[in-house]
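In: All I have is the shape, not the residue letters:
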């Protein structure tokens, strides 16, 4: 499924390289928008299926109170 998007972008970039002027600019724009659409769609799907255990309610008093649940290390001088 991802292969067809990559192929479409490669074809648009090849068209852009072989042409000049407005056609080249439009092919570059189309390739960029196609990549942007693909990444945004993947991010939305990833967010939709993310587990709700990583979502905090915002009621904690300090950002370090949930150290057991986070992968990040908060270094305070």
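Out: Right, received. Where do you want to start? This structure is a prediction, so every number in the text was calculated from the model and none was measured.
In: Helices of this protein, start to end?
Out: In the chain, the helices defined using DSSP state H lie at 2-18, 22-48.
In: want to throw those helices into JSON lines with distance to residue 73?
Out: C-betas here are computed from N, CA, C, even on glycine. Compiled in JSON lines, the helices of the chain are given as follows (distance: least, Cβ to Cβ, whole Å):
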{"stretch": "helix 2-18", "distance to residue 73": "33"}
{"stretch": "helix 22-48", "distance to residue 73": "24"}
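In: Adding mean neighbour count and mean pLDDT, write these out as a markdown table.
Out: Formatted as a markdown table, those follow (neighbours: other Cβ atoms under 10 Å; pLDDT from 0 to 100):
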| stretch | mean neighbour count | mean pLDDT |
| --- | --- | --- |
| helix 2-18 | 13 | 90 |
| helix 22-48 | 12 | 91 |
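In: Out of those helices, flag the one nearest residue 77.
Out: Nearest of those to residue 77, taken as Cβ to Cβ: helix 22-48 at 33.5 Å.
In: Give me the packing partners of the closest one, helices and strands only.
Out: When contacts are defined as 3 or more Cβ pairs under 8 Å, 6 or more residues apart in numbering; DSSP states H and E, helix 22-48 sits against helix 2-18.
In: Residue 76 is nearest to which of the helices of the chain?
Out: helix 22-48 (29.4 Å).
In: tell me the angle of the closest one relative to helix 2-18?
Out: Angle, helix 22-48 to helix 2-18, by axes from the mean of the first three to the mean of the last three Cα atoms, to 10 degrees: 160 degrees.
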